[in-house]
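**Student:** heads up, no residue letters with this:
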């Protein structure tokens, strides 16, 4: 440990004192996060130098994370880096990652949250796809109404879409509004985009009147596997009694897709409902077929169900 | 001879121990007044499974066997046991103590040496038991409390301050005890993000992102996590920005983290890197990258189990007890409580109670206190319903003789 600490101190000294770019880069690569005034000052100088090598600026940003987290002005500077569309993508992506990371550790982040949100909103149409998707994801997770409107606009008018339709639907799932349900129903029933249908059916579960549609989709054994799976999980989350009925039926249906069957048995076994995890009809049937099951995942689900019979759920 | 054995006054199993010694007693229930002591030798009943070490008292060294003069008149004799380092259990009850007198086995008591392990090295059974317990807990509806304890309103209370590590140690412990109420053999394994963990990001464990669509996480149909769904949320996504087969997460090395020092204020810089950096080693559409919703991903608790393990490793590397004694500023800088002159904001001082278990909703604390008080363990009354910052520091009980009953497979108890 002492040797490692000494090595770190040596790298720090080299970083602070050297004017050789290669030496600086190597020292900065090897030193741990910068906390002392001299190192922070030098690294900040590199970060703010428009003429410095982009890779070195990214490295400096990375090592300055602790200093940035404690300094409102530095956070705002990093946000300006993110906002600057003339900068190389690597610097901007590193800036985004830095902001996300310091949200887990910064004592001053709350004081700049408004600026973060405003700058992110300004980037929802950024040409850099990664930055665009990341800021839109963040804003959607924060239930931002502006980005929700933009995502909906893209679904209605594909020429204005900021993201692929299925990603837009997925992100709207962070804050479900009643107004979206008719759109989701239409997608499930008519769209040829199965990724969109998978996302839509997952979210539709929260609509009280969607139960029949979920059942219709699930009971169609010719339906795409991912869509059926999501309809089953939506039933489980939002319509547990109906789920219990269909999953019980599926569990004993030897003609059903083994993966769908395994998911049903798995879900019943982990249910909080004793009539689900301790169902004598299911138990009897699974015991009968036990050795004849060819599918490994079905066998595993079956074994788990039978092994956990009678265990009290808390 | 009717021999009664107890761990922490529990006379009936099942029993679970870590590496840190726990108080035990032996008593000859049918002893007669005036009878001489009976020598009883304690040893491991099997060389397979978890192994146990025995301590005459807490001033003694551990031993593989121990002969005790148990009072013949029925009085209680105290001693201690702990799990043997690097010999934990893999199955419930795979360890056992054999109590022998004059070559005759009087009693065999099964137990489990239960420690938190590297998630990358779990047996399939260990992995599946953990996942099952976690999903059952989610299905109970009570996991919502844990989401509410780590949301936007909570973040200023639990991040960016000295109590970050103590608070998250209690947070992980709270969940772990809830999982143990479902399956007592379970601990929260750690995702060792400073090393490649190819066995973690698999269809049978934490899932892999689909290569199509929104890159939703995929699980094998028999994986309990196929049931993982947070009400009111879209499908779970987690897209790594590192090669999960060959690389560590985008974090500093473990050596770098552990060499920070010499005191806690130097070490806690790790809240940024590797902790924050581990969280954001995934693309921005992954909830685990967003501080307000990160626990929606079950990987969250494995990430924090490792953060805690790093702290515990750093503590173990200190001189004597300087990094585990809550009264030592090397272990924790801000002494006293929030009422003292010059104190830090409430929650940061070593004698402050920890939100939300203290149910404190007065400013500057968050306006809600979800989840209630800290859950008890059947084997210890520590830390009690309203833990303090200090209770999180000496988790093995070296200074206060009360341990939190968790250990890491990589950190021994050194008496």
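**Tutor:** Here it is on my side, so go on. Being a predicted model, the structure only gives us computed values, none of them experimental.
**Student:** residue boundaries of the strands in chain B?
**Tutor:** For chain B, applying DSSP state E gives strands covering B:3-7, B:16-17, B:22-28, B:38-44, B:52-55, B:66-70, B:77-83, B:95-101, B:104-113, B:208-209, B:217-218.
**Student:** list the helices and strands the last one packs on?
**Tutor:** By that I understand strand B:217-218. Using 3 or more CB pairs under 8 Å, 6 or more residues apart in numbering or on different chains; DSSP states H and E, the elements in contact with strand B:217-218 are strand B:208-209. Yep, even glycine has a C-beta here, placed from its N, CA and C like the rest.
**Student:** quick one on the thing from earlier: got a markdown table for the strands of chain B, with mean neighbour count and mean pLDDT too?
**Tutor:** Formatted as a markdown table, the strands of chain B follow (neighbours: other CB atoms under 10 Å in any protein chain shown; pLDDT from 0 to 100):
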| stretch | mean neighbour count | mean pLDDT |
| --- | --- | --- |
| strand B:3-7 | 19 | 96 |
| strand B:16-17 | 26 | 97 |
| strand B:22-28 | 20 | 96 |
| strand B:38-44 | 19 | 97 |
| strand B:52-55 | 23 | 98 |
| strand B:66-70 | 18 | 97 |
| strand B:77-83 | 21 | 97 |
| strand B:95-101 | 20 | 97 |
| strand B:104-113 | 18 | 96 |
| strand B:208-209 | 20 | 96 |
| strand B:217-218 | 18 | 96 |
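**Student:** Contacts only, for residue 251.
**Tutor:** I went with chain A, as the question did not name one. When contacts are counted by CB atoms under 8 Å, 6 or more residues apart in numbering or on different chains, residue A:251 touches A:261, A:264-265, A:268, A:279, A:282, A:285-286, A:305.
**Student:** um, chain B though
**Tutor:** Listed by CB under 8 Å, 6+ apart, the contact partners of residue B:251 are B:193-194, B:273-274, B:277-278, B:281.
**Student:** Find the closest residue to chain A in the stretch 251-400 of chain B.
**Tutor:** residue B:284 (3.0 Å; CB to the nearest CB).
**Student:** Can you tell me which residues in the stretch 301-415 of chain B are near chain A?
**Tutor:** Within the stretch 301-415 of chain B, the positions near chain A by CB under 8 Å from any CB of the partner chain are residue B:317.
**Student:** Output the below-cut-off pLDDT ranges for the stretch 301-415 of chain B.
**Tutor:** When residues are selected by pLDDT under 70, none of them lie in the stretch 301-415 of chain B.
**Student:** Show me the helices in it, by range?
**Tutor:** Counting by DSSP state H, counting those that start in this stretch, the stretch 301-415 of chain B has no helices at all.
**Student:** Identify all contacting residues around stretch B:290-305.
**Tutor:** Contacts for stretch B:290-305 (CB under 8 Å, 6+ apart): A:100, A:103-104, A:138, A:141-142, B:116, B:119, B:131, B:134, B:146-147, B:150-152, B:155, B:159, B:168, B:171-172, B:175, B:188-191, B:193, B:200, B:206, B:225, B:228, B:230, B:233, B:236, B:238, B:275, B:278-279, B:286-288.
**Student:** Filter those down to just the ones in helices.
**Tutor:** Members of the contacts of stretch B:290-305 lying in helices (criterion: DSSP state H): A:100, A:138, A:141, B:131, B:134, B:146-147, B:155, B:168, B:171-172, B:175, B:278-279.
**Student:** need those in JSON lines with neighbour count, can you?
**Tutor:** Below are these laid out as JSON lines (neighbours: other CB atoms under 10 Å in any protein chain shown):
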{"residue": "A:100", "neighbour count": "21"}
{"residue": "A:138", "neighbour count": "25"}
{"residue": "A:141", "neighbour count": "23"}
{"residue": "B:131", "neighbour count": "23"}
{"residue": "B:134", "neighbour count": "25"}
{"residue": "B:146", "neighbour count": "20"}
{"residue": "B:147", "neighbour count": "18"}
{"residue": "B:155", "neighbour count": "19"}
{"residue": "B:168", "neighbour count": "22"}
{"residue": "B:171", "neighbour count": "24"}
{"residue": "B:172", "neighbour count": "25"}
{"residue": "B:175", "neighbour count": "25"}
{"residue": "B:278", "neighbour count": "24"}
{"residue": "B:279", "neighbour count": "28"}
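**Student:** farthest-separated two in the residues you listed?
**Tutor:** Within these, A:138 and B:131 form the most distant pair, 28.7 Å apart (CB to CB).
**Student:** got the residues of the stretch 51-200 of chain A near chain B?
**Tutor:** A:65-66, A:69, A:96-97, A:100-110, A:130, A:133-135, A:137-138, A:141-142, A:166-167, A:170-171, A:173-174, A:176, A:195, A:198-199.
**Student:** And those residues, which of them are buried?
**Tutor:** A:65-66, A:69, A:96-97, A:100-106, A:108-109, A:133-135, A:137-138, A:141-142, A:166-167, A:170-171, A:173-174, A:176, A:195, A:198-199 (16 or more other CB atoms under 10 Å in any protein chain shown).
**Student:** Contact partners for residue B:100?
**Tutor:** B:40-43, B:106.
**Student:** try it again with 7 Å
**Tutor:** Neighbour list for residue B:100: B:40-41, B:106 [criterion: CB atoms under 7 Å, 6 or more residues apart in numbering or on different chains].
**Student:** Equivalent analysis for residue B:66, please.
**Tutor:** Applying CB under 7 Å, 6+ apart, the residues contacting residue B:66 are B:42, B:54, B:56, B:79.
**Student:** Kindly report the domain assignment for chain B.
**Tutor:** Domain assignment for chain B by automatic domain parsing gives B:3-113, B:119-392.
**Student:** list the contacts for residue A:77?
**Tutor:** Taking CB under 7 Å, 6+ apart, we find residue A:77 in contact with no residue.
**Student:** Okay, and it sits in which element?
**Tutor:** helix A:72-83 (DSSP states H and E).
**Student:** what comes into contact with stretch A:15-22?
**Tutor:** In contact with stretch A:15-22 (CB under 7 Å, 6+ apart) are residues A:24, A:27-28, A:31, A:38-39, A:42.
**Student:** That should have said stretch A:104-118, apologies.
**Tutor:** A:69-70, A:72, A:75-76, A:79, A:99, A:102-103, A:144, B:156, B:159-161, B:271-272, B:275-276, B:279, B:291.
**Student:** and the gap between residue A:80 and residue A:117?
**Tutor:** Distance of residue A:80 to residue A:117, given as CB to CB, to the nearest Å: 15 Å.
**Student:** Tell me which of those two has more neighbours.
**Tutor:** Each of residue A:80 and residue A:117 has its neighbours counted (other CB atoms under 10 Å in any protein chain shown); residue A:117 has more, 17 against 13.
**Student:** Quick one: the helices in the stretch 1-150 of chain A, in order.
**Tutor:** A:2-17, A:21-30, A:37-47, A:54-63, A:65-69, A:72-83, A:89-102, A:113-121, A:129-141, A:145-156.
**Student:** and for the third one, what are the contacting residues?
**Tutor:** Pointing back at helix A:37-47 there. A:12, A:15-16, A:34, A:52, A:56-57, A:60-61, A:63-64, A:67.
**Student:** Report the central residue of chain A.
**Tutor:** residue A:137 (8.3 Å; CA atoms, centre = their mean).
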